[in-house]
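**Student:** Dropping a prediction and its sequence here:
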Amino acid sequence: SSGINAEYGGKMKLGKDDEKPEYNDATWFCMLYACGIGVGLFFFGVAEPMWHYLGPNRYTRDKYMPDNEVAQWAINLTFFHWGIHGWVVYAMVAIILGFLSFRKDMPMTMKSCFYPLIGDRIYVWLVDFI
């Protein structure tokens, strides 16, 4: 996403040329951030640290590591998974879907992301499985 932003200088609009944005950049960022974190916390908030704490990984294999250190590693791994590199995946899909949906009037489905690669073949029923 930062590559696209650098190439277009941040001037690419997701809406039509004559439309005014409904929200400013800060509001838009806050909405996306809150939705992403909210969904993740509801689903993985407790499960992921517990999985790292109890599951078979490189830290719980050591029988001599103190319990509080294993717990700290579990939290550190969870924080690592929720870092900026995880958001890059969300941002790339959002930019592709937003651009193709709002600028090219394509359906907002995952198969639309493949339009630059396979063209009109995204409308074949087999591609619905993507």
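**Tutor:** Yep, that arrived.

**Student:** by contact count, what packs against the helix or strand harbouring residue 27?
**Tutor:** According to DSSP states H and E, residue 27 maps onto helix 25-44. Helices and strands touching helix 25-44, as assessed by 3 or more C-beta pairs under 8 Å, 6 or more residues apart in numbering; DSSP states H and E, comprise helix 84-102. To be clear about C-beta, it is placed using only N, CA and C from the backbone, and glycine gets the same treatment.

**Student:** List the buried residues for the helix or strand just after the helix it packs on?
**Tutor:** Next along the chain after helix 84-102, taking DSSP H and E as the criterion, comes helix 115-118. For helix 115-118, a neighbour-count test (16 or more other C-beta atoms under 10 Å) marks residue 115 as buried.

**Student:** Can you spell out which helices and strands pack onto the next helix or strand along the chain from the helix holding residue 27?
**Tutor:** Counting by DSSP H and E, the next helix or strand C-terminal to helix 25-44 is helix 47-54. Under the contact criterion of 3+ C-beta pairs under 8 Å, 6+ apart, helix 47-54 touches helix 67-81.

**Student:** between the helix it packs on and helix 84-102, how many degrees?
**Tutor:** Helix 67-81 and helix 84-102 are oriented at 30 degrees to each other (axes from the mean of the first three to the mean of the last three C-alpha atoms, to 10 degrees).

**Student:** hang on, the earlier thing: report the angle between the helix holding residue 27 and helix 67-81.
**Tutor:** Using the same axes, to 10 degrees: helix 25-44 against helix 67-81 is 140 degrees.

**Student:** got the CA coordinates for helix 25-44 in PDB?
**Tutor:** Only the C-alpha atoms of helix 25-44 are listed here, as PDB (Å, rounded to 0.1, in the frame of the first residue of the first chain):
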ATOM      1  CA  ASP A  25      -8.300  10.900   6.300                       C
ATOM      2  CA  ALA A  26      -8.100  10.800  10.200                       C
ATOM      3  CA  THR A  27     -11.700   9.600  10.600                       C
ATOM      4  CA  TRP A  28     -11.300   7.000   7.900                       C
ATOM      5  CA  PHE A  29      -8.100   5.600   9.500                       C
ATOM      6  CA  CYS A  30      -9.800   5.500  12.900                       C
ATOM      7  CA  MET A  31     -12.800   3.600  11.500                       C
ATOM      8  CA  LEU A  32     -10.600   1.000   9.700                       C
ATOM      9  CA  TYR A  33      -8.300   0.600  12.700                       C
ATOM     10  CA  ALA A  34     -11.100   0.200  15.200                       C
ATOM     11  CA  CYS A  35     -12.900  -2.400  13.000                       C
ATOM     12  CA  GLY A  36      -9.700  -4.400  12.500                       C
ATOM     13  CA  ILE A  37      -8.700  -4.400  16.100                       C
ATOM     14  CA  GLY A  38     -12.200  -4.900  17.300                       C
ATOM     15  CA  VAL A  39     -12.800  -8.000  15.200                       C
ATOM     16  CA  GLY A  40      -9.400  -9.400  16.100                       C
ATOM     17  CA  LEU A  41      -9.800  -8.800  19.900                       C
ATOM     18  CA  PHE A  42     -13.200 -10.400  20.000                       C
ATOM     19  CA  PHE A  43     -12.000 -13.400  18.200                       C
ATOM     20  CA  PHE A  44      -8.400 -13.800  19.200                       C
END
